[in-house]
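Q: Task: produce atomic coordinates for the following.
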Amino acid sequence: MRENAYRLIVVLISAGLLVNVPLPAAAQQSTAPAAQSAVQAQSQNGPIAVHAPPQAAVQQKQRPGVIRTQSNLVRLDVEVTDHSGKPVKGLKADQFVVTDNGKAQKISTFTYEDIESIQTASTADSTPIVVPLDSPTPAPEDKVADQTRDRRMMVLFFDISSMETDDLLRARDAAKKFVEKQMTPADLVSVVVYSQKLSVWCDFTNQHDKLEQAIAHLTPGVAGQLADNLYATPQDGAEDIQQYTGDAYTADETEFNVFNTDEKLAAIEGLANALSAIPGRKNVIQFTGGITQTGQENSTEVRAATDAANLADVSIYSVDARGLYTTPPGGDATANASSGTAMFSGSAVFRQTDDRQNSRDTLATLSSDTGGRAFYDLGDLSDALPQIQKENNGYYLVGYYVGSDVKRDGKWRSIHVKVKAPKVHVRFRNGYYAPRDFQHLQKEDREQQLDDAMNSQNPIVELPIAVETAMFRLSDSQVYVPISAKLSSSALEWAKKHDRHDAAFDFAAEVRAAPWGRSVAELRDTITVQLDSQRYQQVSQSNLVYQGGVVLSPGNYHLKFLVRENESGKIGTFEEDIAIPAAQPSHMTLSSVMLSNQLVPVAKSSEVQTKAQGLRAKLSSTPLEMNGSRIIPSVTRFFTQQQTLYVFFQAYYPEKVEKGQTFDPQTLRAALIFFRNGMQVNITPMLTPAGLDAKTHTASFRISLPLAKLPTGRYAVQAVVVAPGTQQSAFGRTYLALDKAPATPAAASSSPATPAAAPSKPTTP
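A: You can find the predicted model right below:
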């Protein structure tokens, strides 16, 4: 059962904790209790609080991509052949004229890949070659370039989800024939299969036995039943050639077709991304039963697949595995009889033709926009492969840099190449999609970016964040885990609109049960902060603190948290393992010990608007709220001597300690012990609980003390709770770093140094 996730609060703190920020003279005083307003709190120690309404081990990814870079280099492969189709060699860079959106470009890189030289060599090089398609430990780029130089790289890509049994067998036979009889010494071939997921069955290699073994494993299965192109949204029940004609199901069929088509296109995009690490031109021969789009719903994924292929220098050659197609009027054995007047009016035949053509349109688009070709109505599918080989006997790799004035709007940019040589035929890609910055991403692309970041096995460090979690028990079976994240404003980009500064953020968290990986809790908030010029000047040197939380049962979990700044699109991620122990009804236990230097009132602010994503239950209050105020955790646990330290923790006591005896929570007492360099240096008096909850057997403690009299250094802070007259006690520990107060001219001239002493008169606000 999915646990509830809760959103709590966003706070802007001007007393920087990630970086030392000098505070004004007025900020040298200690923080006042929570009854003060946000403006009053600012006059005391500098925090500027803007609230949102309350509501409830890093792994390495297989492919690099954590550090995102953008290059203005455009590379394209250009095939130049004579009238007989043979490659024309020996051309120079100055014989090529390249235009980008009609503007002539200066060629910066120029090489020729002479595949024909190896293919026609008198002595074949039988040295085994293996180039991993997607390896967790990629080989050096120069080594891969040496292996693939003057080689024709071909991917035999089988889309099992779109092929029926006969189609798959026909495609398998064509691939087997190619490897046995048509493959040349210049070919490096890979086998990739898509059913429910994308799988590499054989890396690029020239070893026939490995390829034959991979192809032999192609067998029909349930994946081929996922997509029947004949079920593509009928417009009129009378013209539907299927017996299954209910209009009530049309919307469901449409939704399924949109999803299924997007999955196929996403597989092509994923394959192109995997191939991008291998230099040179790659040819993907896609054996498919067709891809049917539903209106404009799939256009985004078509564009994404095309863009990924062009960026990776991948040409897609689509081979319709249905081969030569002839269907009798009304349908064959694969289709039920038509209904209504369709059988007699001829509309059933037209419908069949239209469905087949619709399933080919996407194939034609992918092929033409990536410099490949589409093959239809083949009696023998293997006839296509020699033609593909012939078109890739040699090509020129031409590169140029686009100007800085090119907008990163993601629009299509047309390319034209002219060669100054007589009677030659030139073949090249007809264009590419310009790179897009974050502001030009569509809503679907922005959502996909978040999904990719959440699912990535790699950390993303574009936006530096610090995250801290804690544990507070709500009941014997539920524990509240607050999630606090802090990011420095120096890394943020604010949008200026008139006299106002805006910033928008997406915060997301996902908790998965270990070791099974099942998602048990999710958190997603979009938060917009709007500040006038005066407030922006106060906040611009501060840190943004986000506070949320999830409710979990005892067990082991893995938390992944991410934040995205929506002006530049920068992302930061954080991961942590969480172990929640089971409740101990007969023993007193302690929660996490939380440190803070700020209490804020529980109130809304017009400066912050929060949009929560998905369904979630509301939590009327959290353990961090008490007496109308909320404690803001210090994520970094770095403090300065002019601040007041707030310590919050809870003790969970048993109802009875021994048979026949009643436990009195009023007798509970707690103290803080400070250790420095392994030695006890301070201890507070024993204090009574700030609050008791008899229903959950919880005693809450809030202890505040000024830090001015503590010497600087690193401390271990131990919380001790005892029940006098019993054997019950509990201990908890955390750590902090204490530095001197920021020096100011006024402070330097009027404030003498204070000798170190124990903190006096701690209170429980």
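Q: what residues are up against the spatially most central residue of the chain?
A: Residue closest to the mean C-alpha point of the chain, counted by C-alpha atoms, centre = their mean, is Ala453 at 1.4 Å. Residues near Ala453 by C-beta atoms under 8 Å, 6 or more residues apart in numbering: 460, 562, 564, 571, 573. Yep, even glycine has a C-beta here, placed from its N, CA and C like the rest.
Q: Am I right that it is in a helix?
A: Yes. Judged by DSSP: H, G, I helix; E, B strand; the rest coil, Ala453 forms part of a helix.
Q: now it: how far from Arg512?
A: Distance, Ala453 to Arg512, using C-beta to C-beta, to the nearest Å: 15 Å.
Q: lowest confidence element among the helices and strands of the protein?
A: Lowest mean confidence among the helices and strands of the chain (mean pLDDT, DSSP states H and E): helix 38-45, at a mean of 25.
Q: Please report the distance of the closest residue in space to Asp262 that isn't next to it in sequence from Thr292.
A: Excluding the flanking residues, the one nearest Asp262 by C-beta to C-beta, 6 or more residues apart in numbering is Glu301, at 4.7 Å. Glu301 is 13 Å from Thr292, where distance means C-beta to C-beta.
Q: Identify the contacts common to those two.
A: By C-beta under 8 Å, 6+ apart, the residues touching both Glu301 and Thr292 are Thr261.
Q: When the two are compared, which one has more neighbours?
A: Neighbours were counted for Glu301 and for Thr292 using other C-beta atoms under 10 Å; Thr292 has more, 26 against 22.
Q: Okay, and the more buried one sits in which element?
A: For Thr292, there is no host helix or strand (DSSP states H and E).
Q: That one and Gln718: what is the separation?
A: Using C-beta to C-beta, one obtains 66 Å as the distance from Thr292 to Gln718.
Q: can you check Thr734 too?
A: From Thr734 to Gln718 the distance is 8 Å (C-beta to C-beta).
Q: Same question for Met163.
A: Relative to Gln718, and taking C-beta to C-beta, Met163 is found at 66 Å.
Q: Just checking: what are the partner strands of the helix or strand hosting Arg524?
A: With secondary structure defined by DSSP H and E, Arg524 is part of strand 519-532. Applying DSSP bridges, strand 519-532 is found paired with strand 500-513 (antiparallel), strand 608-612 (antiparallel).
Q: Highest mean neighbour count out of the ones you listed?
A: Highest mean neighbour count among the strands paired with strand 519-532 (mean count of other C-beta atoms under 10 Å): strand 500-513, with a mean of 20.
Q: could you dump it to CSV, C-alpha only?
A: Extracted as CSV, the C-alpha positions of strand 500-513 are listed here (Å, rounded to 0.1, in the frame of the first residue of the first chain):
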residue,chain,number,x,y,z
ARG,A,500,9.3,41.9,-9.4
HIS,A,501,11.7,38.9,-9.3
ASP,A,502,10.3,35.4,-9.8
ALA,A,503,11.7,32.0,-9.3
ALA,A,504,10.0,28.6,-9.8
PHE,A,505,11.1,25.2,-8.5
ASP,A,506,10.1,21.6,-8.8
PHE,A,507,10.7,19.4,-5.8
ALA,A,508,10.2,15.7,-6.0
ALA,A,509,11.0,12.7,-3.8
GLU,A,510,10.5,9.0,-4.3
VAL,A,511,11.0,6.3,-1.6
ARG,A,512,11.5,2.7,-2.7
ALA,A,513,11.4,-0.3,-0.4
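Q: would Lys181 count as being in a helix?
A: Yes. Remark: Lys181 belongs to a helix, assigned using three-state DSSP.
Q: Could you tell me how far it is located from Leu168?
A: Relative to Leu168, Lys181 is positioned 20 Å away (C-beta to C-beta).
Q: With neighbour numbers in mind, choose between the two.
A: Applying other C-beta under 10 Å to Lys181 and Leu168 shows that Leu168 carries more neighbours, namely 23 against 9.
Q: in what helix or strand does the more buried one lie?
A: Per DSSP H and E, Leu168 falls inside helix 165-177.
Q: starting at the chain centroid, how far to that helix?
A: Counting by C-alpha atoms, centre = their mean, to the nearest Å, helix 165-177 is centred 37 Å from the centre of its parent chain.
Q: Tell me the helices and strands packed up against it.
A: Helix 165-177 is packed against strand 152-159, helix 208-216, strand 282-288, with contacts defined by 3 or more C-beta pairs under 8 Å, 6 or more residues apart in numbering; DSSP states H and E.
Q: got these as JSON lines, with mean pLDDT columns?
A: Below are the helices and strands packed on helix 165-177 laid out as JSON lines (pLDDT from 0 to 100):
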{"stretch": "strand 152-159", "mean pLDDT": "92"}
{"stretch": "helix 208-216", "mean pLDDT": "92"}
{"stretch": "strand 282-288", "mean pLDDT": "92"}
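Q: Adding mean neighbour count, write the ones you listed out as JSON lines.
A: Shown next, in JSON lines, are the helices and strands packed on helix 165-177 (neighbours: other C-beta atoms under 10 Å):
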{"stretch": "strand 152-159", "mean neighbour count": "25"}
{"stretch": "helix 208-216", "mean neighbour count": "16"}
{"stretch": "strand 282-288", "mean neighbour count": "26"}
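Q: Turn these into a markdown table, including distance to Glu493.
A: A markdown table is the format used below for the helices and strands packed on helix 165-177 (distance: least, C-beta to C-beta, whole Å):
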| stretch | distance to Glu493 |
| --- | --- |
| strand 152-159 | 40 |
| helix 208-216 | 48 |
| strand 282-288 | 37 |
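Q: mind checking which of the ones you listed is nearest Trp494?
A: Closest approach to Trp494 among these (C-beta to C-beta): strand 282-288, 42.4 Å.
Q: Pull the contacting residues for the spatially closest residue to Gln207 that is not a sequence neighbour.
A: In this structure, Gln207 finds its nearest non-sequential neighbour in Pro128, 5.4 Å apart by C-beta to C-beta, 6+ apart. By C-beta under 8 Å, 6+ apart, the contact set of Pro128 is 205-207.
Q: secondary structure class for Pro128?
A: Following three-state DSSP, we place Pro128 in the coil state.
Q: quick one on the thing from earlier: between Met163 and Gln718, tell me which one has more neighbours.
A: More crowded of Met163 and Gln718, by other C-beta under 10 Å: Met163, with 25 against 17.
Q: got a pLDDT number for the closest residue in space to the more buried one that isn't next to it in sequence?
A: Computed as C-beta to C-beta, 6+ apart, the closest residue to Met163 that is not its neighbour in sequence is Gly289, at 4.2 Å. Note on Gly289: pLDDT of 84.
Q: Tell me how many other residues crowd Gly289.
A: For Gly289, the count of nearby residues is 23 (other C-beta under 10 Å).
Q: Then Lys695?
A: Look at Lys695: counted by other C-beta under 10 Å, it has 6 neighbours.
Q: measure it to Leu474 for me?
A: 11 Å.
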